[in-house]
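**Q** All I have is the shape, not the residue letters:
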């Protein structure tokens, strides 16, 4: 739980009180996932959002040809879940599975609303997190429609260099919306730039 407490403190630029954090702790429950185990499968309702204490997950869809399209990775100190399904209580169109063994802290929608009302520091953290998520989503959308494959790869190298060592190349290609062959050409070109 210390990782979550540190996360709240970082996003609120303060220190959550022991009493407030006791309320937060009472709402979250720990869960472990083994590598390749599903957190969510398409067609299910996302009943929990997960704070990633340790490990990595991916959120993806599978098209009619069986190709995977990775929307997000979630690593330590990130959140995982299908926001639309979680908020609207509708079936998800995404799968979320563990790429590594994971330790997660889960919260329900009802628990989230309880904390938003009861713990001002948590509400502030969620507001800050939502603003940053909106900005990141906007940047990712613009990159997908406004940048070539090389530019998207260079942005990934700049923002998330750890992904390149942590995830297989075919997953990086899927995340960037390009084929593995294109990724190979782009990597070679970037590595041999003057």
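**A** Done, it's in. Keep in mind it's a predicted model, so treat the numbers as computed, not measured.

**Q** C-alpha only now, for contacts and for neighbours.
**A** Noted.

**Q** Now the phi/psi pair for residue 53, please.
**A** phi -80, psi -40 (degrees, to the nearest 10).

**Q** Check the gap between it and residue 101 for me.
**A** From residue 53 across to residue 101, the span is 11 Å (C-alpha to C-alpha, to the nearest Å).

**Q** where do the contact lists of the two overlap?
**A** Between them, residue 53 and residue 101 share no contacting residue under C-alpha atoms under 8 Å, 6 or more residues apart in numbering.

**Q** would you list every one of the strands in this structure?
**A** When secondary structure is read from DSSP state E, the chain shows strands at 29-33, 38-40, 48-54, 57-62, 68-74, 79-80, 95-98, 102-108.

**Q** List the strands paired with the first one, with their directions.
**A** Meaning strand 29-33. Partners of strand 29-33 in the sheet, by DSSP bridges, are strand 102-108 (antiparallel).

**Q** Same list (the strands of the chain) but as JSON lines, adding mean pLDDT, mean neighbour count and distance to residue 162.
**A** Below are these laid out as JSON lines (pLDDT from 0 to 100; neighbours: other C-alpha atoms under 10 Å; distance: least, C-alpha to C-alpha, whole Å):
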{"stretch": "strand 29-33", "mean pLDDT": "98", "mean neighbour count": "15", "distance to residue 162": "21"}
{"stretch": "strand 38-40", "mean pLDDT": "98", "mean neighbour count": "20", "distance to residue 162": "23"}
{"stretch": "strand 48-54", "mean pLDDT": "98", "mean neighbour count": "22", "distance to residue 162": "15"}
{"stretch": "strand 57-62", "mean pLDDT": "97", "mean neighbour count": "22", "distance to residue 162": "14"}
{"stretch": "strand 68-74", "mean pLDDT": "95", "mean neighbour count": "19", "distance to residue 162": "12"}
{"stretch": "strand 79-80", "mean pLDDT": "96", "mean neighbour count": "22", "distance to residue 162": "17"}
{"stretch": "strand 95-98", "mean pLDDT": "98", "mean neighbour count": "23", "distance to residue 162": "17"}
{"stretch": "strand 102-108", "mean pLDDT": "98", "mean neighbour count": "21", "distance to residue 162": "17"}
